[in-house]
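**Q** Okay, sequence plus prediction incoming.
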Amino acid sequence: MPHRSEPASSRIDTRRVVGTVRVGVTRHLLPSIEQRMGELFDVTLNLEDRPLTREEMAALLQANNVLVPTVTDEIDAELIAGAGPDLKLIANFGAGTDHIDLKAARAKGIIVTNTPGVFTEDTADMTLALIIGVMRRMREGTHMIRRDQWSGWAPSAMLGRKLGGKVLGIVGMGRIGQAVAHRARAFGMKVLYHNRHRLPDAVENMLGAEYAPTLDALLAGSDIVTLHCPATPGTQNLIDAAAIARMKPGSVIVNTARGELIDYEAMIAALESGHLRGAGLDVYPDEPHVDRRLIDHPNVITQPHLGSATEEGREASGERVIANIRTWADGHRPLDQVLEGWV
């Protein structure tokens, strides 16, 4: 679903339309969502769809009742402290809220909402695509064709590894982790998972998943490790050099969660040494920068943060944002209020 084209000079659209709730949106959303927002609220849109400067973000926080940020917008304590007295809701577009200082929002009396579950299936699909692509060396095969280097089928050429019978280690068994486990089971994979809390027996049985009580146990027992946990101070560089050393020689790592979860220097060293067979990456610690060594590695698939990038998912997320704003505006507690850090 294409976005509408706007002249480069239209950086921030501050025109006001009919509505009583003032809403500031940090990025260009789907046209259908922006149209509905314009019909319902007094909305400020970012028509150019570029990251806002800190000054522009501060201006939105000053001028509106509601801020609608996305995962790439750092809403820190200083910005929240400087918000105007009328800002009462941060209605995040997306499930993750690690880019928002929840404690600062609580101290300011600002409600935070998100859109949980909307991108679960899309991100799980991307995870499986990366697993398959790395295990079957699809990047190498594509480059061979494009460079006219393929000399024809051969019984020993470009051998990858099958998925059936391999152990998939899932770090973080929330909605997305469980959706990945469900897909992995269909491919005949064994699922090992590590989570802050063990799942009920019925859920483990349904997913065919075995609990690993420690991260070390999961790393040592998995052929493929995929990450599905939030970025917090406790998970910063969760997969560091020591963790990678515990992984099986020739194993694979996949990350569709947050770039901060992996020490990328340690991962690159393990890829270059051959300790890691390959990697499938959709997120990076310094986006949009991607280390050239990852781009050049023959069995590393690099995607530009596309885990949630489907028309259906982005439409649904926008509708959830609107529903949260309307519920709040009507004087009710929003369904998707984020409570972590509030109690």
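**A** Yes, it's here.
**Q** From here on, just use CA atoms for contacts and neighbour counts.
**A** Noted.
**Q** then the one helix or strand Ile244 maps to to PDB, C-alphas only?
**A** Applying DSSP states H and E as the criterion places Ile244 in helix 241-246. Extracted as PDB, the C-alpha positions of helix 241-246 are listed here (Å, rounded to 0.1, in the frame of the first residue of the first chain):
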ATOM      1  CA  ALA A 241      31.800 -13.400  23.500                       C
ATOM      2  CA  ALA A 242      31.400 -15.800  26.400                       C
ATOM      3  CA  ALA A 243      27.900 -16.700  25.400                       C
ATOM      4  CA  ILE A 244      28.900 -17.300  21.800                       C
ATOM      5  CA  ALA A 245      31.800 -19.500  22.900                       C
ATOM      6  CA  ARG A 246      29.200 -21.700  24.600                       C
END
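**Q** Name the residues that touch it?
**A** Asp216, Leu219, Ala220, Asp263, Ala266, Met267, Ala270 (Cα atoms under 8 Å, 6 or more residues apart in numbering).
**Q** Would you point out the most distant pair within those?
**A** For the contacts of helix 241-246, the maximum inter-member distance is 18.0 Å, found between Ala220 and Asp263 (Cα to Cα).
**Q** Centre-most residue in this structure?
**A** Relative to the mean C-alpha position of the chain, the nearest C-alpha, by Cα atoms, centre = their mean, is the one of Ala257, at 4.6 Å.
**Q** thought that one was touching Pro230?
**A** Yes - using Cα atoms under 8 Å, Ala257 makes contact with Pro230 at a distance of 6.9 Å.
**Q** where are the low-confidence patches of the stretch 1-150 of the chain?
**A** Applying pLDDT under 70 to the stretch 1-150 of the chain flags residues 1-19.
**Q** what are the ranges of the strands in the stretch 51-200 of the chain?
**A** Assigned strands in the stretch 51-200 of the chain, in chain order: 66-68, 89-91, 111-113, 167-171, 190-194 (criterion: DSSP state E, counting those that start in this stretch).
**Q** quick one, which of the ones you listed is nearest to Thr310?
**A** Of all the strands of the stretch 51-200 of the chain, it is strand 66-68 that lies closest to Thr310, at 19.4 Å by Cα to Cα.
**Q** which other residues reach the closest one?
**A** 21-26, 60-61, 87-93, 321, 325.
**Q** quick one: strands adjacent to it?
**A** strand 22-25 (parallel), strand 89-91 (parallel) (DSSP bridges).
**Q** Export these to TSV and append columns for mean neighbour count and distance to Gly208.
**A** Shown next, in TSV, are the strands paired with strand 66-68 (neighbours: other Cα atoms under 10 Å; distance: least, Cα to Cα, whole Å):
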stretch	mean neighbour count	distance to Gly208
strand 22-25	26	42
strand 89-91	27	36
